[in-house]
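Participant: How does the following fold in three dimensions:
(one chain, ligands or ions: 1)
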Amino acid sequence: MNDKEWEDGDQKVWDGLDYDTRLAVAGHMIRKVVEIGTEGGSFRHFIYGILGFDMDAYVPLYMAGGMTITNEFDLQKIEDIKKIVGENKYEKLKPVLGLCDEPDCFEEASSGWPSEDNVYRHTCSAHFKKKNDETE
Ligand SMILES: [Zn+2]
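Facilitator: This is a model prediction of the structure:
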């Protein structure tokens with residue numbers, strides 16, 4: 001089977017599930033992806049240890065892009081990068097890391113809002129409040 005045939009087969013099974021089952025499967029998978037992103041570990045650990053599959057799952061889950069999750073989705077690495085960006089004041093990297101767009105602030109952006117000059121801002125809660133206080 002090629003990529004497209006695997007994907008079409010998975011889609012067909014997904015479409016055959018009732019809404020509550022799809023919601024439960026999606027919620028379960030999101031939790032497991034966050035778990036491997038937090039713990040770290042190999043593709044094999046993810047599919048056998050965390051998801052509980054047998055050896056026959058290797059190819060279909062590899063074809064689905066599972067190796068991308070274990071190779072690229074590392075939440076600790078992202079936190080380490082944010083720390084380095086803050087320590088070195090790399091303002092240009094803040095948007096891709098979801099950090100507050102206020103100059104010299106390297107907190108997590110938690111609010112998005114349109115400014116008076118129609119620029120969509122992403123700020124931490126402190127700078128969102130500051131903006132609200134200024135307009136009141
Ligand atoms: Zn801020």
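
Participant: Could you tell me how far M1 is located from I69?
Facilitator: 21 Å (C-beta to C-beta, to the nearest Å). All C-beta atoms are positioned from the backbone trio N, CA, C, and that covers glycine.

Participant: Tell me which of the two has more neighbours.
Facilitator: Counted by other C-beta atoms under 10 Å, M1 and I69 do not tie: I69 has more neighbours, with 18 against 11.

Participant: quick one: pLDDT of the nearest residue to that one once chain neighbours are set aside?
Facilitator: Of all residues not flanking I69 in the chain, V33 sits nearest, at 6.0 Å (C-beta to C-beta, 6 or more residues apart in numbering). If you check V33, the pLDDT there is 95.

Participant: V33 should be in a helix, yeah?
Facilitator: Yes: counting by DSSP: H, G, I helix; E, B strand; the rest coil, V33 is found in a helix.

Participant: Tally up the residues packed near it, please.
Facilitator: 17.

Participant: isn't it right up against G66?
Facilitator: No: contact criterion C-beta atoms under 8 Å: V33 and G66 do not qualify, at 9.7 Å.

Participant: The residue nearest to I69 and the ion, how far apart?
Facilitator: Counting by C-beta to the ion, to the nearest Å, the gap from V33 to the ion is 28 Å.

Participant: other SSEs contacting the strand or helix carrying M29?
Facilitator: Here M29, judged by DSSP states H and E, is contained in helix 19-39. Counting contacts by 3 or more C-beta pairs under 8 Å, 6 or more residues apart in numbering; DSSP states H and E, helix 19-39 packs against helix 66-72, helix 75-88.

Participant: Which one of the ones you listed lies nearest to the ion?
Facilitator: helix 75-88 (11.2 Å; C-beta to the ion).

Participant: Could you check how far the helix or strand just after that closest one is from the centre of its chain?
Facilitator: Under the assignment DSSP H and E, the closest C-terminal helix or strand after helix 75-88 is helix 94-97. Computed by C-alpha atoms, centre = their mean, to the nearest Å, the chain-centroid distance of helix 94-97 equals 13 Å.
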